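Peer 1: how would this look folded up:
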Amino acid sequence: MTFIKLSDGYEIPTVGLGTWRCLASTIRQSVSCALENNYRHFDCAYLYGNEKGIGEALEESLKRLSLKREAVFVTSKLWCTYFRPELVRRCCMQSLANLRLQYIDLYLMHSPMALQPSDSIFPVSQDGVTIAVDSVPLMDTWRAMEKLVDGGLVKSIGLSNFNQRQISHILAHCRIRPVNLQIEIHANFPNTGLVDYANSVGLTVTAYAPLGSPGGFRGKTNLLTESWVTEIAKRHQKTCAQILLRYCLQRGLIVIPKSSKPHRIKENIQVFDFELSKEEMDQLNTSGLNERQFRFEKYVASD
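Peer 2: Numbering: from 1, shown residues only. Take a look at the predicted model:
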């Protein structure tokens, strides 16, 4: 395992287990399997609805493997219905309770859109269709995030799904700087411009959906079957997933592939014993369609 140093001095493992869409019935097995295969980074979120199972698995597995809490790096995310400053701590405390932790290593604003406080994850307006947005300035939420660091509930704070303008706004007014940006990145959507900007202002970058979210979206490219990926995989005697993860790692990114299958969880961390050539990196950078999987047009971003 390799690590990247954050701007506040903490270190984050470069490969983590993604937990989006992990079912409650399988998440405990996945987390246990990951720990047994030397994963030390777990990417979670209030939105995913499975933090309770993750917490149970972490508690049991850390004890069974004689690992201390400090041995693992846990990321979670503030959901958008909790963006009002007075609600930020409440959301964080719910994640801490579900994860059975005293602190979260990295806490992210999940998306740059405030939603109306609600028991529903995606509250709707009176028309029953439109997402019910809230008029909370991003900086107000960020200042409440900073207080979580002050109170020792989280060690580091960062952003997810933010664009350059939104990141620049936070940086211009913050007291505690964000240390990480989590965004969609894969060989079919390198997102080079935003990665370069984030790195230039001192943010590490985590790639979510680093395998292109295969099978998740009808009609989208499946990177695991593209010839320009399979050719490289055959050359290195690796899986296509391993090639795609290695591609991200060689760009200096953190990756959080998700799987509930034990053999794939094991394969996804076996990416440190080979290197892609410059020509192979160029091929992976340029052969895709620059096709984003996750779109946010239906949401109205906060200012």
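
Peer 1: drop to CA atoms for contacts and neighbour counts, all remaining ones
Peer 2: Will do.

Peer 1: Helix, strand or coil: sort out residue 92 for me.
Peer 2: Using DSSP: H, G, I helix; E, B strand; the rest coil, the structure places residue 92 in helix.

Peer 1: what's the answer for residue 112, then?
Peer 2: Per three-state DSSP, the secondary structure class of residue 112 is coil.

Peer 1: Pretty sure it sits against residue 165.
Peer 2: No. The pair formed by residue 112 and residue 165 falls short of the contact definition of Cα atoms under 8 Å, at 10.9 Å.

Peer 1: where's the closest residue to residue 7 other than its chain neighbours relative to residue 152, distance?
Peer 2: Leaving out its chain neighbours, the residue that sits closest to residue 7 by Cα to Cα, 6 or more residues apart in numbering is residue 179, at 5.8 Å. Taking Cα to Cα, to the nearest Å as the measure, residue 179 falls 16 Å from residue 152.

Peer 1: cool, residue 190 as well?
Peer 2: Note on residue 190: its distance to residue 152, by Cα to Cα, is 35 Å.

Peer 1: Which one's more surrounded, the two?
Peer 2: residue 190 (23 against 12; other Cα atoms under 10 Å).

Peer 1: Could you pull out the helices in the stretch 51-200 of the chain for me?
Peer 2: Here the stretch 51-200 of the chain has its helices, by DSSP state H, counting those that start in this stretch, at 51-64, 85-99, 138-150, 164-173, 192-200.

Peer 1: want to try a markdown table for those, with mean pLDDT as columns?
Peer 2: Shown next, in a markdown table, are those (pLDDT from 0 to 100):
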| stretch | mean pLDDT |
| --- | --- |
| helix 51-64 | 97 |
| helix 85-99 | 99 |
| helix 138-150 | 99 |
| helix 164-173 | 98 |
| helix 192-200 | 98 |
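
Peer 1: May I see these arranged in CSV, with mean neighbour count as well?
Peer 2: Output for the helices of the stretch 51-200 of the chain, formatted as CSV (neighbours: other Cα atoms under 10 Å):
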stretch, mean neighbour count
helix 51-64, 19
helix 85-99, 19
helix 138-150, 19
helix 164-173, 14
helix 192-200, 15
